[in-house]
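K.L.:
Output the structure for:
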Amino acid sequence: MSQETTTRPAAELPPRVGLLDGVRQSMTLAWRTVVQVRHNPWEMSDFSIQPIMFVLLFTYVFGGAIAGSTSDYLTFMLPGLIVMNMLFVTMYVGQGLNTDLTKGVFDRLRALPIARWAPLAGRIAADQVKQTWSIVLVLAVGMIMGFRLGDPGLPGLLATVVLLLVFALAFSWVAVLVGILAKDAERVQIFGFTALFPLTFVSDVFVPAETMPGWLQGFVNANPVSILADACRGLLQGGPVATEVIQSLLWAAGIAAVFAPLSVLALKHRL
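P.N.:
As a prediction, the model looks like this:
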C-alpha cells in the first residue's frame, strides 16, 4: 500500500516566537532557576555566609591596623566589598549554565517552541535576584556593625543598588562565556578564584590606592573594580561621583558589547 506524504503549508507552520513571548519565557526560566534554591539551600549559603564572613574578618582583624579604628575602616571598605561580592556572585551564572549544558537541559529546551535566547536571558535575570539579595544582605550586616549612610541618604542607596545591578548584568556575560567554554562547573569556579581574586585585590577595595607603590597605582586607578568601588563610596557617603559613575557605566557597556556576542557565538558552536 502506498503512503502519501503531505507537506504542511507555510501558512500553517508555527510562527516565530515574538519578543513579548520570549520575555515571558525568559521570566519563566528565571523563576525555575530561583526556585531551585529551595532544593539546594547550600547555593544560598555560598553567596550569603561568605560575604558576611568577609565583612566581619576584614573589619575586626584589619580595620584597626589599616584605618586606626574599625568604624572608619568599615565606612571605607564596605562599598568596595559589595562590589567584590557582586563580581563573585556572577560566577553562579556560569556554573548553572554549564550544569544545564552538560546535563542536557539545553538540548531539551531547544526542542520546545521557545525563543533561542530565552534560556540565557532567564539565567542572567535569575542572577539579578540573587545579586539584589546579596547586596541588601551585606548592607544590612554593615549597618548592624555601625555603617551609616552619608548626605545622599536613601536616593544614594538606591542609586548604588541600581549601578551595581547594571554592572552585574554586563559582567554576567563574562561568566556566561566561561560557563559555555568550561568542561565542567568546577572549572568555572576555578576561574572565579584565579581571575577575580587578583582583579579585586589589586584595587582600592580594601586599602586606598595612595598607600600602594607608585608603579602599581596606575593599574589600580584604571581598574574597573576600583572605579566602581569609588562610585559606590560616593553615592553612599557623599561627594562628587559623576565621573566614577559614568566610567562605571562605560565599562559595563564595553564588557557587554564584547562578551555578549562572544557568548552567543560560543553557545552556537557548542550546541
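K.L.:
From residue 256, how far off is residue 149?
P.N.:
29 Å (Cβ to Cβ, to the nearest Å). Bear in mind the C-beta positions are built from the backbone N, C-alpha and C, glycine included.
K.L.:
what about the closest residue to residue 192 other than its chain neighbours, distance to residue 126?
P.N.:
Excluding its sequence neighbours, the residue lying closest to residue 192 (Cβ to Cβ, 6 or more residues apart in numbering) is residue 91, at 4.1 Å. Using Cβ to Cβ, one obtains 14 Å as the distance from residue 91 to residue 126.
K.L.:
okay, now residue 209: neighbour count?
P.N.:
16 (other Cβ atoms under 10 Å).
K.L.:
Looks like it contacts residue 218 (just checking).
P.N.:
No - applying Cβ atoms under 8 Å, one finds residue 209 not in contact with residue 218, separated by 9.2 Å.
K.L.:
so residue 85 sits right up against residue 136, yeah?
P.N.:
No - here residue 85 does not reach residue 136: they are 11.6 Å apart, not a contact under Cβ under 8 Å.
K.L.:
Buried ones in stretch 256-267, by neighbour count?
P.N.:
Buried residues in stretch 256-267, counting neighbours by 16 or more other Cβ atoms under 10 Å, are found at 256, 259-260, 263-264, 266-267.
K.L.:
out of those, who's nearest residue 28?
P.N.:
residue 267 (19.4 Å; Cβ to Cβ).
K.L.:
so what's that closest one up against?
P.N.:
For residue 267, the contacting residues are 120, 180, by Cβ atoms under 8 Å, 6 or more residues apart in numbering.
K.L.:
out of the buried residues of stretch 256-267, who's nearest residue 214?
P.N.:
residue 259 (31.9 Å).
K.L.:
gap between the closest one and residue 124?
P.N.:
Taken as Cβ to Cβ, the span from residue 259 to residue 124 is 12 Å.
K.L.:
list residues touching both of those two?
P.N.:
Joint contacts of residue 259 and residue 124 (Cβ under 8 Å, 6+ apart) are 173, 176.
K.L.:
Is residue 248 in a helix, a strand, or coil?
P.N.:
At residue 248 the chain is in helix, as set by DSSP: H, G, I helix; E, B strand; the rest coil.
K.L.:
Flag every buried residue along the host helix or strand of residue 30.
P.N.:
For residue 30, the host element (DSSP states H and E) is helix 19-39. Residues of helix 19-39 classed as buried by neighbour count (16+ other Cβ under 10 Å): 22, 25-26, 29-30, 33-34, 37.
K.L.:
remind me which residues of the chain are low pLDDT?
P.N.:
1-18, 37, 39-44, 46, 106-107, 110-111, 116, 271 (pLDDT under 70).
K.L.:
does residue 129 really touch residue 31, like I thought?
P.N.:
No - the pair residue 129 / residue 31 is not scored as a contact, 9.2 Å apart, by Cβ under 8 Å.
K.L.:
Give me the distance from stretch 186-198 to the chain's centre.
P.N.:
Here stretch 186-198 is found 14 Å from its chain centre; the criterion is Cα atoms, centre = their mean, to the nearest Å.
K.L.:
In three-state terms, label residue 121 for me.
P.N.:
helix.
K.L.:
Give me the phi and psi for the residue nearest to residue 99 when sequence neighbours are not counted.
P.N.:
The shortest distance from residue 99 to any non-neighbouring residue, by Cβ to Cβ, 6+ apart, is to residue 185 (5.3 Å). Geometry field for residue 185 lists phi and psi as phi -70, psi -30, criterion degrees, to the nearest 10.
K.L.:
which residues in the stretch 101-250 of the chain form helices?
P.N.:
105-110, 118-145, 153-181, 185-191, 197-201, 214-222, 224-237, 242-270 (DSSP state H, counting those that start in this stretch).
K.L.:
quick check: angle from the helix holding residue 30 to helix 118-145?
P.N.:
50 degrees (axes from the mean of the first three to the mean of the last three Cα atoms, to 10 degrees).
K.L.:
CA atoms only: put helix 19-39 into CSV for me.
P.N.:
Written as CSV, here are the backbone C-alpha positions of helix 19-39 (Å, rounded to 0.1, in the frame of the first residue of the first chain):
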residue,chain,number,x,y,z
LEU,A,19,9.5,39.5,21.7
LEU,A,20,6.9,39.5,24.4
ASP,A,21,6.5,35.7,24.3
GLY,A,22,10.3,35.5,24.6
VAL,A,23,10.4,37.8,27.6
ARG,A,24,7.7,35.7,29.3
GLN,A,25,9.6,32.5,28.6
SER,A,26,12.8,34.1,30.0
MET,A,27,11.0,35.1,33.2
THR,A,28,9.6,31.5,33.5
LEU,A,29,13.1,30.1,33.1
ALA,A,30,14.4,32.7,35.6
TRP,A,31,11.8,31.6,38.1
ARG,A,32,12.9,28.0,37.5
THR,A,33,16.4,28.9,38.5
VAL,A,34,15.4,30.9,41.5
VAL,A,35,13.2,28.2,43.0
GLN,A,36,16.0,25.7,42.6
VAL,A,37,17.5,27.3,45.7
ARG,A,38,14.8,25.5,47.8
HIS,A,39,16.2,22.2,46.7
